[in-house]
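Novice: Curious how this folds, go ahead:
(one chain, ligands or ions: 1)
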Amino acid sequence: MTSKDSGKQADEEIDFAWDGDSRWEAAKYITLRHMARRLPHLMKRSLSIAWRVDRASVAGLLVCQVVSGIAAAMGLFATTSTITALISSGNITDRLWEAWPSVAVLAAAAGVRATLYIAITWLTSRITPLLQQEYELMLLGAATGSELAAYDSPGFKDRWDNAERGAVVSKDIIEEGQDLLAALVSLLAGAVVLGTLHPLLLPFLVLASLPQGVAQVHSARVTYVAAVKMTGHSRMIGVLRWHLADRHSADQIRAGTMAPFLLGKYRKLTNRVTAVHREAVTEGARMAFLGALGGGLASAVVWGVLVALLASGHLTVAAAGTAVLALRTVTGSVQGVVRNAAMIFRTGMYMDDWSRFLEETGDYRLAAGDVIPGPPKDIRTHNLVYRYEGADKNALDGIDFTVRTGEIVALVGENGSGKSTLSKLLTRLHLPTTGTVTWDGHPTTALDPQAAWKHVALVPQDFSCWPMTARDNITLGQPRSDDENDVWEAAAAAGADEVVRELRAGLSTLLAREWLNGAELSGGQWQRVALARAFYRPAALLVLDEPTSALDPRAEHRIFTNLRHAARDRAVVLVTHRLANVAVADRIVVLDHGRVVQEGTFDELSKTTGLFRELLELQNDRTVPAQRAAKEKTA
Ligand SMILES: Nc1ncnc2c1ncn2[C@@H]1O[C@H](COP(=O)(O)OP(=O)(O)OP(=O)(O)O)[C@@H](O)[C@H]1O
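Specialist: Below you'll find the predicted structure:
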C-alpha cells in the first residue's frame, strides 16, 4: 500500500533540480567544442560592452598589451643572445662586450613590462566595476522586460539565478582574455626561439601541457554543473536566510518558537549543497592529479628528446643551453595559455547563462504588440480562459466581463475563485490562454505593453513598501512635477495626507527605518500610501485588490466615499471580501471556480438567492458564534 493509498502523503522534498527541463541536463554535456563555438561570441559581446562603457581604458589596455607582448618577445630574444654570447668560446672581455647590448635590451624590456603591468592593473581595475555594473543593469533590465507569467515558472527563477551568477563573473573574462593574450604573445616569442633550435621541441611541449588543460576544463565543468544542480537549493537557502534575519518575520519566529525548526531546515539544505560541492571538488582534485601525472610524464619525454638531440649531435652544447632556458619560458607560457583558456572556458559557461537570459529574457520576453493605446474607455473579456503554467485546471474558465469609464465594478467570490487573476488579465499583466481581453476593441495581445501600462493604476494585495521618501512612494513611476498639489490631492483621497503631515520631514521623510534610520509606518498607513500612489497616476483603469484590508473604519469610509469621485474619468475594478463595501459599485460580478455565477447591483444580488447573498449573510452573521459561546459558558 502506498502512502497515498493510506491517505497520508509523503512531504514533497525540496528538490529543485530542473526535472523536465533539459537545460541542466544539457549543462552536463557542455563540451570544449560547444564552448569554442560560443566563446568568440561572448568575448565579442564583452569587448563591445567594455568599449561602450569606457573606450579610453579599453584602447589603453589593448595598446599596453601589444607593447608588453613586444617587450616580452624582445626580452626573450635578448636573453638567448646574451646566453649565446656568454657561453660561446673566446676571450671573456670580448664576450662581455658582445653581450652587453643584449643585456641592455633585456633590462629595458623588463622595465617596460613592469611599468606596463602597473598600467594594465590600473586600467583593468578601472574598467571592471563599470563592466560589473553594466552586466547587472542589463540583467535587471531584461528581468523587468519579461512577462509577469515568468514568475510563475520555476525554470525562470533558476535561469535568473544562473544568469545572476554569470553577471558576477562575466567581468573576469576581460582580465582572463588579457592574460591569455599575454601568455600567447610570450608563447609565440618562445616558439620562434625554440623553432630555430629544433622544430620537434615545440610540438612536444604543447603536447606535454595538454593533460593539464584537459583536467582543468573537466574540473571547471564539474564545478559548474554542481552549481547549476544546486541552484534551487541555493535559492531556498537565501530565502530562509532572509526570513531568519529579516525584521518582517522576527516577531513570528520568536513568538512561534520557530527558530530551531527553521535552523534545522537551513542546516539540512546547506548540508546537501556542501555534499554536492565536496563531490565536485573531489572529482576536480582527481582530475588535477591525473592531469599533473600526465603532464609530468609528458615533460619527462620533452627533456628526454632534448637529451637525445644533444647526444645525437643534433644540438650543440650552446644551443642546448639556450634551449633549456627557452623551454622553461615556453613551458610557463604554454601553461599560462592552457590555464587561462580553462578559466575563460569556466567564465564562458557562466557568462553563457547571463547572455542567454538577455537574449531570451529567460524565455519570457514581453510579447510586444504594435498598437499604442489611448486611455481605454471600454475594457471587456470574451470567453476568457486563463491557466497558470503547470497548473492542472483553469484559473479563469470562460469569463465574459465588461467595465467602462465612469463605472465601478466589484469582483466578489471565495478565495481562489479567480478575482486577482482576472484583474491581471484586464490590466494586460497576463495574456489570455484562450478567448480575448480587449481595450476599446484592441486585443491586449496586440497592445504595446509599456504603452498600455501607462493607463493602468494597480494596488495589488501585496503592495510594495519602497525604501524611499514619502514623496517618491507616491510619485514612483510617474514624471515628477514641481507642483506638489497633485501629490497632496492624491494623498488626501487615500487618507495618506494625515500620515505624511505627521512625519518629521513631511513628503521628504525617508520611509526606511530598517536600513537607513528613516521613519516607519504601520501596515494601514502603508496601505494609504499605496492607494495614494494609485490615485496619483493619471490612469484610465484603476484596479484595487483588497485596498482597505488594513484600514481602520474611518479611513476605509473615506476611501469608498472618494472612489465615486475617482471613477469620474476612470474605469474602476474593485476586488474585495468586505461585501458591505461593494454597495459603492455600479455592478457586482460574482466569481466561483473561475466562472461568473452572478452579476447585478448590490440591491439585486442581496435579494436574490445565490452565492452573493450567502456570503453576505455569513459576513453579517456574528450572532451565531457569540450565542454559541455564551451557551457553552453557561452549560
Ligand atoms: N501564480 C500562480 N500559479 C499557479 N496558480 C495560481 C497562481 N496564482 C493563483 N493561482 C491559482 O489560480 C486560482 C485563482 O487565484 P486568484 O489569486 O485569482 O484567486 P482570488 O479569487 O483572487 O483569491 P483570494 O480571494 O484568495 O485573493 C487559484 O486556484 C490559485 O490557486
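
Novice: Find the nearest non-adjacent residue to S423, please.
Specialist: V543 (4.8 Å; C-beta to C-beta, 6 or more residues apart in numbering). In short, each C-beta sits where N, CA and C put it, glycine included.

Novice: What average pLDDT does the helix or strand containing the one you found get?
Specialist: In the assignment (DSSP states H and E), V543 maps to strand 541-545. For strand 541-545, mean pLDDT is 95.

Novice: Run the angle between the next helix-or-strand element following that strand and strand 541-545 for me.
Specialist: For strand 541-545, the succeeding helix or strand toward the C-terminus, using DSSP H and E, is helix 553-566. Angle of helix 553-566 versus strand 541-545, following axes from the mean of the first three to the mean of the last three C-alpha atoms, to 10 degrees, is 160 degrees.

Novice: Helix 553-566: which residues count as buried?
Specialist: 555-556, 558-560, 562-563, 566 (16 or more other C-beta atoms under 10 Å).

Novice: pLDDT weak spots in the stretch 1-150 of the chain?
Specialist: Regions of the stretch 1-150 of the chain meeting the criterion pLDDT under 70 cover residues 1-30, 87-90.

Novice: Quick check, the residue in it closest to the ligand?
Specialist: Closest residue of the stretch 1-150 of the chain to the ligand, C-beta to the nearest ligand atom: A149 (8.5 Å).

Novice: Would you confirm that that residue belongs to a helix?
Specialist: Yes: counting by DSSP: H, G, I helix; E, B strand; the rest coil, A149 is part of a helix.

Novice: interface residues of the stretch 101-250 of the chain facing the ligand?
Specialist: Contacts of the stretch 101-250 of the chain with the ligand, taken as C-beta under 6 Å from any ligand atom, map to D152.

Novice: Where do the strands of the stretch 351-500 of the chain begin and end?
Specialist: Ranges of strands within the stretch 351-500 of the chain are 378-386, 396-404, 408-413, 434-439, 442-443, 456-459, based on DSSP state E, counting those that start in this stretch.

Novice: Tell me which of those strands is the most buried.
Specialist: strand 408-413 (a mean of 24; mean count of other C-beta atoms under 10 Å).

Novice: That strand relative to helix 553-566, how many degrees between them?
Specialist: Interaxial angle, strand 408-413 versus helix 553-566 (the same axes, to 10 degrees): 130 degrees.

Novice: helices or strands next to strand 408-413 in the packing?
Specialist: Strand 408-413 sits against strand 396-404, helix 419-426, strand 571-575, strand 587-592, helix 611-620, with contacts defined as 3 or more C-beta pairs under 8 Å, 6 or more residues apart in numbering; DSSP states H and E.

Novice: Output it as CSV, restricted to C-alpha atoms.
Specialist: The C-alpha coordinates for strand 408-413 follow below in CSV (Å, rounded to 0.1, in the frame of the first residue of the first chain):
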residue,chain,number,x,y,z
ILE,A,408,-17.1,50.9,-10.6
VAL,A,409,-17.3,47.1,-11.0
ALA,A,410,-16.7,44.9,-8.0
LEU,A,411,-15.3,41.4,-8.2
VAL,A,412,-16.5,39.1,-5.4
GLY,A,413,-16.0,35.5,-4.7
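
Novice: what mean pLDDT does it have?
Specialist: Mean predicted confidence for strand 408-413 is 96.

Novice: cool, and stretch 215-232?
Specialist: Averaging pLDDT residue by residue across stretch 215-232 gives 83.

Novice: same thing with stretch 458-475?
Specialist: In this model, stretch 458-475 has a mean pLDDT of 91.

Novice: What of stretch 479-487?
Specialist: The average pLDDT for stretch 479-487 rounds to 78.

Novice: Stretch 166-177 now?
Specialist: Taken as a whole, stretch 166-177 carries a mean pLDDT of 85.

Novice: quick one: buried residues of that stretch?
Specialist: Neighbour-count burial for stretch 166-177, with 16+ other C-beta under 10 Å as criterion, is recorded at 166-167, 169-177.

Novice: again with stretch 279-287
Specialist: Buried residues in stretch 279-287, counted by 16+ other C-beta under 10 Å: 280, 283-284, 287.

Novice: Show me these that map onto helices.
Specialist: 280, 283-284, 287 (DSSP state H).

Novice: Widest-spaced pair of those residues?
Specialist: A280 and M287 (10.6 Å; C-beta to C-beta).

Novice: And the contacts of stretch 353-360?
Specialist: Stretch 353-360 is contacted from outside by 41-42, 45, 135, 138-139, 142, 159-160, 162-167, 170, using C-beta atoms under 8 Å, 6 or more residues apart in numbering.

Novice: Pull the distance from stretch 77-89 to the chain's centre.
Specialist: Its chain's C-alpha centre and that of stretch 77-89 lie 57 Å apart, by C-alpha atoms, centre = their mean, to the nearest Å.

Novice: Just the buried residues of that stretch, please?
Specialist: Applying 16+ other C-beta under 10 Å to stretch 77-89 flags 77-86 as buried.

Novice: who in the stretch 251-400 of the chain is up against the ligand?
Specialist: So the stretch 251-400 of the chain meets the ligand at 388, 391, 395 (C-beta under 6 Å from any ligand atom).

Novice: Spatially nearest residue to V487 (excluding sequence neighbours)?
Specialist: Distances taken as C-beta to C-beta, 6+ apart put I474 closest to V487, at 5.5 Å, once the chain neighbours are dropped.

Novice: Output the below-cut-off pLDDT ranges for the stretch 301-450 of the chain.
Specialist: 318, 362.

Novice: picking that back up, give the partner strands of the strand holding V543 in its sheet and their orientations.
Specialist: Strand 541-545 pairs in its sheet with strand 456-459 (parallel), strand 571-575 (parallel), by DSSP bridges.

Novice: quick check, the first one touching the ligand?
Specialist: No: among the residues of strand 456-459, none lie within reach of the ligand under C-beta under 6 Å from any ligand atom; the closest is 13.3 Å away.

Novice: picking that back up, next, format the buried residues of stretch 166-177 as TSV and append secondary structure.
Specialist: As requested, the buried residues of stretch 166-177 are exported to TSV (three-state DSSP):
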residue	secondary structure
G166	helix
A167	helix
V169	helix
S170	helix
K171	coil
D172	helix
I173	helix
I174	helix
E175	helix
E176	helix
G177	helix
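
Novice: Just flag the most distant two among these.
Specialist: A167 and G177 (17.2 Å).

Novice: Give me the neighbour count for the residue in the stretch 101-250 of the chain positioned nearest to the ligand.
Specialist: Here the residue of the stretch 101-250 of the chain nearest the ligand is D152; by C-beta to the nearest ligand atom that distance is 4.1 Å. For D152, the count of nearby residues is 15 (other C-beta atoms under 10 Å).
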